[in-house]
Each structure stands twice: as C-alpha cells, then as structure tokens.
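Novice: all I have is the shape, not the residue letters:
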C-alpha cells in the first residue's frame, strides 16, 4: 500500500494528485487486490493517502468512465464485474482495433523503442523460474504503453487503453493458474514485436498484438467453460 506521500522532483514530500491515486487504484483493480464487487470507500482512500476527498472523488470518477468501477447513488462505489459475453465483446473489439495499426497516424519505431522491448524480454525470462504476478503485470503494463506510444491518434488511444485495462484483471487472474504458459506467451509476444519493431513495420506490430490478444482470450474462455 502507498504511504500517503510521494517525492517531487525537488525532493520534497507532497501529497499525491488525483491522477496518481487513479493509477494506483486502477493497478490494484487489475491485480485483483480489489476484487470485482468490492466497495471502494472515499474516506478510507483519502485517509490512506492523507488527502481530502476531492482528488479521491476525481480518481473514482475517472475509473467510472473507464468502466472499472460503478457509482451507485446513495450506496457507494464498487469494482465492476464482467460476464463472459461482456469479456468476449471487449476482446473482440481489441482484436479489431489492433488491425488498424499502420492504417492510422503512427510514428516510426526508434532505437529507444527497440531497447525497451529488449529490456522487457530480459525481465520476462526471470518469471519462468519464479513467477511474480506483480512483475508480470509491470512487464505487460510497460509493454502495452511502449506499443501504444507509437500511435498518434488520441481518440484511438483513449479506447485502446480503456479496453486493455478492462481485460487486464481477468487475464492476470487466469495467469496465476497457468503461469508457465502465460509467461511463455509473453516472451513469444515480445520476441515477435521485436522482429516487427526492428523492421519498423507498424502494421506487423498490430498483427502481433491481434494474435496474442486472441491467444489470451482463448485461454480465458476455456477456463470459464471448465
């Protein structure tokens, strides 16, 4: 849990802003530290971060817009649940959006982009010996934003991020049970993305994402049927 303060660029302790609170709450939801259906109490969160309820309320409102929490008037704020049909729709849209890579505004892949992917591949290899769901999350999280950074279309990115986080918590729940396969898929994905990135082939990057989104959905759907 957070300590309630962060350190600014000047080295001074400061209270976290609404954006920082949002990001941490989002990560907790994706890692199932807040389970579907759990109530998020403004007072408790404000007390943890030593802030007023205003930035907490802003963070929860953003999570609500993203579909990760539901505000029930007069009752409270709850982590949303996703049934199999909703999940199928989320993954289906993600697959279709990945087909648009290379057809919308993007930038060229740089040596720095390739270096990020190479570093993530190195980090992922450690997971095969000792699985850590938090490190698995951090690698996937960084990978998502590294690839997303190639896209310049802000409208696309808003939906792309939204759907990623809606799907993430389900995948990380499944990955705990199939972690050798989940880590193997992650390593294969990064390898394939590296091949496409080194060729500066944005469309190929999209096809790689499409394939691995499909792979993840098949594992999730199979687990839910069993």
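Specialist: It's in. Note that the coordinates shown come from a computational prediction; the quantities given were computed from them, not determined experimentally.

Novice: quick check, central residue of this structure?
Specialist: residue 165 (4.4 Å; CA atoms, centre = their mean).

Novice: look up how far residue 188 lies from that residue.
Specialist: Distance of residue 165 to residue 188, computed by CB to CB, to the nearest Å: 23 Å. Any C-beta I mention is one placed from the backbone N, CA and C, and that applies to glycine too.

Novice: residue 146 now?
Specialist: To residue 188, residue 146 is 17 Å away according to CB to CB.

Novice: circling back to that earlier point, surely the residue nearest to the centre of the chain touches residue 68?
Specialist: Yes. Here residue 165 reaches residue 68: they are 6.4 Å apart, a contact under CB atoms under 8 Å.

Novice: joint contacts of those two?
Specialist: Counting by CB atoms under 8 Å, 6 or more residues apart in numbering, the common neighbours of residue 165 and residue 68 are 26, 29.

Novice: OK, contacts around residue 191?
Specialist: Taking CB under 8 Å, 6+ apart as the test, what residue 191 contacts is residue 121.

Novice: the residue nearest to residue 61 when sequence neighbours are not counted sits in which helix or strand?
Specialist: Distances taken as CB to CB, 6 or more residues apart in numbering put residue 71 closest to residue 61, at 7.7 Å, once the chain neighbours are dropped. Assigned by DSSP states H and E, residue 71 falls within strand 69-72.

Novice: give the next helix or strand downstream of that strand.
Specialist: Assigned by DSSP H and E, the successor of strand 69-72 is strand 76-79.

Novice: and residue 130, backbone torsions?
Specialist: phi -150, psi 110 (degrees, to the nearest 10).

Novice: what does residue 104 give?
Specialist: Dihedral angles (degrees, to the nearest 10) for residue 104: phi -120, psi 180.

Novice: what sits against it?
Specialist: Per CB under 8 Å, 6+ apart, neighbours of residue 104: 151, 152, 153, 156.

Novice: report pLDDT for it.
Specialist: Residue 104 is assigned a predicted lDDT (pLDDT) of 93.

Novice: any idea how far residue 150 is from it?
Specialist: From residue 104 across to residue 150, the span is 10 Å (CB to CB).
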